[in-house]
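>>> prediction below, plus the sequence it came from.
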Amino acid sequence: HLIIVGEVLDYRLQESATPLVFSRGSYAVAMQHPASMKRDQLELRKDGFLGDYLPYLLHMAFVRSSSELYPQLMEQCDVTPEEWRVFTLLADNGAIAEHDLAQMVMQPHDIFTGTAGRMISKGHLCYQGEGTLALTDAGVTLSKQLFAIAKEHELAVLSALTEQKTVELKESLKAIGS
């Protein structure tokens with residue numbers, strides 16, 4: 001750890017700036033915690049701008065779904081969100097170079113080595129060749145359990161949609177993201 005002690009001599013406030021947060025090895029933009037949001041506080045007008053604005057709708061869908069999924073993964077499998085990202089990438093792609101994997105899970109390499117080290121000590125990850133990480137047999141088994149939890153969660157989130165609308169939604173999101 002590096003601790004810097006200093007004295008503030010001058011400052012200015014920029015109301016439009018969004019605070020940057022560093023937590024668990026990743027940078028993020030600060031936002032209100034989902035548990036503190038009161039859904040009944042403000043009813044968005046369906047014909048209003050925000051109630052129909054795609055980035056807002058995507059953000060709220062992400063906040064709701066991740067605030068429900070991540071605690072489940074932690075409670076049931078002792079897997080953090082950072083570890084979850086590693087599991088998903090390695091299960092889909094096989095072995096990945098450590099440096100590339102750190103970038104893919106959005107962690108600085110020196111922080112990622114801690115995440116990888118914890119996963120190695122739990123028996124979920126191993127090095128395959130020079131600097132390449134892969135899931136162990138135990139990691140593959142756990143990833144299947146994690147994916148079952150995630151799929152069950154996804155079904156609950158999408159239960160308000162018909163099967164056809166679910167397919168259309170996923171295809172649309174894939175088109176937007178590519």
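Sure thing, it's come through.
>>> D137: neighbouring residues, count only.
10 (other C-beta atoms under 10 Å). Bear in mind the C-beta positions are built from the backbone N, C-alpha and C, glycine included.
>>> so what's it up against?
With C-beta atoms under 8 Å, 6 or more residues apart in numbering as the criterion, no residue contacts D137.
>>> so how far is I3 from the closest residue to A150 other than its chain neighbours?
Beyond its immediate neighbours in the sequence, the residue positioned closest to A150 (C-beta to C-beta, 6 or more residues apart in numbering) is L69, lying 6.4 Å away. Distance, L69 to I3, by C-beta to C-beta, to the nearest Å: 34 Å.
>>> now A134
36 Å.
>>> who has more neighbours, L69 and I3?
Shown here are L69 and I3; by other C-beta under 10 Å, L69 has more neighbours (20 against 4).
>>> surely the more buried one is within a helix?
Yes. Residue state for L69 (DSSP: H, G, I helix; E, B strand; the rest coil) corresponds to a helix.
>>> list the contacts for the residue nearest to C126 when sequence neighbours are not counted?
The shortest distance from C126 to any residue other than its chain neighbours is 5.1 Å, reached at T136 (C-beta to C-beta, 6+ apart). With contacts taken as C-beta under 8 Å, 6+ apart, T136 has the following neighbours: G123, H124, L125, C126.
>>> much appreciated, bye for now.
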